[in-house]
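Enquirer: coordinates for the following, if possible.
(one chain, ligands or ions: 2)
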Amino acid sequence: MGLRLLRILLIPFAAVVMAASIGILVIGRTRASSPTTTPQMSLTALGTPSTKAQISQGYTLFQQHCSFCHGTQADGTTGIAPNLQGLGPGVVDLWLSTGWMPLKTPSAQPENKQPSFSPAHIRDIAMWVASLRPGGVPFAPTIDMQQADLAKGFSLFTLNCAPCHTITGAGDALTQGYHAPPLHGVTAAMVWEAARSGPQNMPQFSPRNITPSQLNDIIKYVTQRIEHPTNPGGIGLGGVGPVAEGFVGLFVGVGACLLGAYWVGDRTEREEEEGHSGHGSDSSPEGAHA
Ligand code: HEC
Ligand code: HEC
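Expert: Numbers count the residues shown, from 1 in each chain. Ligands and ions are numbered 1, 2, ... in the order given. Below is the predicted model:
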């Protein structure tokens, strides 16, 4: 019987659909939870006086790892990489803490990766570059999370950051092959420095756009809620976004419906068969026809 064969095929199909959905769910979760950078990369010792030793250590590291692209005086005279003078230590700190620098080849796209240097060495390099010309974006200040407002941070994030980074901070593709990176695993210092410097396609938020206390609210939201989502609506599905979540809902739901349909269909058929072999009761539809 064709119908029976169809029903037999339904079971493995339903099982595959449900397994695939659970797979999506698990992959989304591990992707979202794998930090792009180590969380302990915050610059806690920002207030320490810039000693000569640190600057000369930064000089040595820069000559070894950066000068062949940015030039020995970080002025971009090589023509391969931009002038770094005057950008400020916060910009250098951000580009090294995210792992964007150093590039392997000048034409490579900067990507999030494990930082190549320890926080102390990043600070040394940033301090040497900053010693060449004052100004620019400073190191992120120490942020008083006690004073920051999570609810305000949420609405400010929704308004200013979610259009690119998505409301769950999972990141999203932008136009022209650019990509807003996920914000899982970023530190308070990275959020501050990114907002104040506006790397690449990200807009720069001056203290007139976002006041210092508003930025602290956003930082609290990013480092506390996005890192540790509470998911009040139920299971978070790794915060991979509405499209993936819709698919999971669809496939798990459809898989469950198929299984249910099979179970119901199987029972009706058995009852029909019993009706035929028996005395043909009036309640069976075939009985009514005859
Ligand atoms: C292989 C070449 C290369 C090496 C090595 C390299 N950079 Fe870069 N760097 C670039 C290029 C190219 C850009 C421009 C990237 C872009 O905007 O897409 C850049 C951009 C930057 C920026 C951002 C500049 C801006 O205008 O915002 C900083 C900061 C930076 N590099 C610091 C460093 C430091 C510090 C090192 C050494 C640890 C380093 N780079 C090593 C090629 C390099
Ligand atoms: C127009 C889109 C856009 C908006 C709006 C935006 N960003 Fe970004 N953001 C980006 C892009 C693109 C990058 C990657 C830049 C790069 O690779 O140099 C980025 C990078 C970052 C990073 C570095 C993350 C990492 O690990 O690489 C942080 C932190 C960040 N943004 C926070 C914010 C915050 C906070 C706001 C809101 C105040 C915000 N962004 C608004 C596009 C955006």
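Enquirer: hmm, stretch 137-153 touching ligand 1?
Expert: No - using CB under 6 Å from any ligand atom, stretch 137-153 never reaches ligand 1; the gap is at least 9.5 Å. C-beta here means a position set from N, CA and C on the backbone, and glycine is covered the same way.
Enquirer: please tell me how far the residue in the stretch 1-150 of the chain that ligand 2 sits nearest to sits from Ala194.
Expert: Nearest residue of the stretch 1-150 of the chain to ligand 2: Thr98, at 4.1 Å (CB to the nearest ligand atom). Going from Thr98 to Ala194 by CB to CB, to the nearest Å gives 8 Å.
Enquirer: cool, Pro229 as well?
Expert: Taken as CB to CB, the span from Pro229 to Ala194 is 20 Å.
Enquirer: what's the closest non-adjacent residue to Leu61?
Expert: Ile125 (5.2 Å; CB to CB, 6 or more residues apart in numbering).
Enquirer: where does the stretch 151-290 of the chain have low pLDDT?
Expert: 230-253, 255, 257, 267-290 (pLDDT under 70).
Enquirer: what does this protein have sitting close to ligand 2?
Expert: Applying CB under 6 Å from any ligand atom, we find that the chain lies next to ligand 2 at 36-37, 98, 100, 110, 112, 160-161, 163-165, 174, 178, 180-181, 183, 186, 190-191, 194-195, 199-203, 205, 218, 222.
Enquirer: all helices of the stretch 101-250 of the chain, in order?
Expert: Using DSSP state H, counting those that start in this stretch, the helices found in the stretch 101-250 of the chain span residues 119-132, 150-160, 162-165, 188-197, 212-220, 242-277.
Enquirer: can you list the residues of the stretch 51-200 of the chain near ligand 1?
Expert: So the stretch 51-200 of the chain meets ligand 1 at 65-66, 69-70, 80-82, 84, 87, 91-92, 95-96, 101-103, 105-106, 110, 125, 200 (CB under 6 Å from any ligand atom).
Enquirer: so Leu96 makes contact with Val129?
Expert: No - look at Leu96 against Val129 with CB atoms under 8 Å: they stay out of range, at 10.3 Å.
Enquirer: those two: who's more crowded?
Expert: Using other CB atoms under 10 Å, the more surrounded residue of Leu96 and Val129 is Val129, with 27 against 23.
Enquirer: any idea how far the more buried one lies from Val92?
Expert: From Val129 to Val92 the distance is 5 Å (CB to CB).
Enquirer: any shared contact partners between those two?
Expert: Leu84 (CB atoms under 8 Å, 6 or more residues apart in numbering).
Enquirer: most packed of the helices of the stretch 101-250 of the chain?
Expert: Ranked by mean neighbour count under mean count of other CB atoms under 10 Å, the helices of the stretch 101-250 of the chain are led by helix 188-197, which reaches a mean of 24.
Enquirer: what's the angle from that helix to helix 119-132?
Expert: Helix 188-197 runs at 30 degrees relative to helix 119-132, counting by axes from the mean of the first three to the mean of the last three CA atoms, to 10 degrees.
Enquirer: neighbours around Arg208, how many?
Expert: Arg208: 6 neighbours (other CB under 10 Å).
Enquirer: ugh, typo on my part, it should be Thr166
Expert: 19.
Enquirer: once you drop chain neighbours, what's closest to it?
Expert: Asp172 (5.1 Å).
Enquirer: was I right to think the one you found contacts Cys164?
Expert: Yes - in this structure Asp172 lies within contact range of Cys164 using CB under 8 Å: 6.3 Å.
Enquirer: thanks a lot, see you next time.
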